[in-house]
Each structure stands twice: as structure tokens, then as C-alpha cells.
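S.K.: Build me a model:
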Amino acid sequence: MKSKPIVMEHFSTVHTSFLVDFTFTNNITILMGDSGTGKTATFSFIRECMAINPKILCLDNYDYQKNIKEIIGQTDGN
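M.R.: Sure thing, here's the model as predicted:
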């Protein structure tokens, strides 16, 4: 059974000539793919939106030293 998104069902942003458009089926989304496919660019566009949209929380592989469980626990409604 799929969990229904609680926070956000759709996210879209335009950055220069790039369009980022996601429809979410879960509250956690992991960007994966081959090298050079735009994961880092997409993540940076979403992270920029995090500054103005409190429903977005971005964590990346450089956050491994942080207590991610605690960060997620403190983000009620994100």
C-alpha cells in the first residue's frame, strides 16, 4: 500500500532553461541516476526553493555527518 503524501503532492520550478516538475507519491524522494543526468542541478534548484518554501527539506550526501534522524524529527510538517 502506498502512503499518501501529507506535505506536498506536486512541485514545479523553472530555472534558466530547466524545468523541474515532480509529482510525489511519498513524503521522501531520493534523486538517483547516471552521472551527468542533472541530479545535482535538480537538487540545487529544489534547495533554492527551500529558502522560500518551508515545506521543503533538502539533504544530500554531504549531510552524512549531521544527525539526519534528528533533523527530520525537528521538521514537523516538512
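
S.K.: Quick check: which ranges of the protein have low pLDDT?
M.R.: 1-6, 63-64, 76-78 (pLDDT under 70).

S.K.: buried set for the longest helix anywhere in the chain?
M.R.: When the chain is parsed with DSSP state H, its longest helix is helix 39-50. Under the neighbour-count criterion of 16 or more other Cβ atoms under 10 Å, helix 39-50 has 42, 43, 45, 46, 49 buried. All C-beta atoms are positioned from the backbone trio N, CA, C, and that covers glycine.

S.K.: do stretch 8-28 as well
M.R.: Buried residues in stretch 8-28, counted by 16+ other Cβ under 10 Å: 11, 20.

S.K.: rewinding a little: as JSON lines, the buried residues of helix 39-50 with distance to residue 21 would be great.
M.R.: Listed next are those as JSON lines, based on distance: Cβ to Cβ, whole Å:
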{"residue": "42", "distance to residue 21": "10"}
{"residue": "43", "distance to residue 21": "15"}
{"residue": "45", "distance to residue 21": "11"}
{"residue": "46", "distance to residue 21": "11"}
{"residue": "49", "distance to residue 21": "13"}
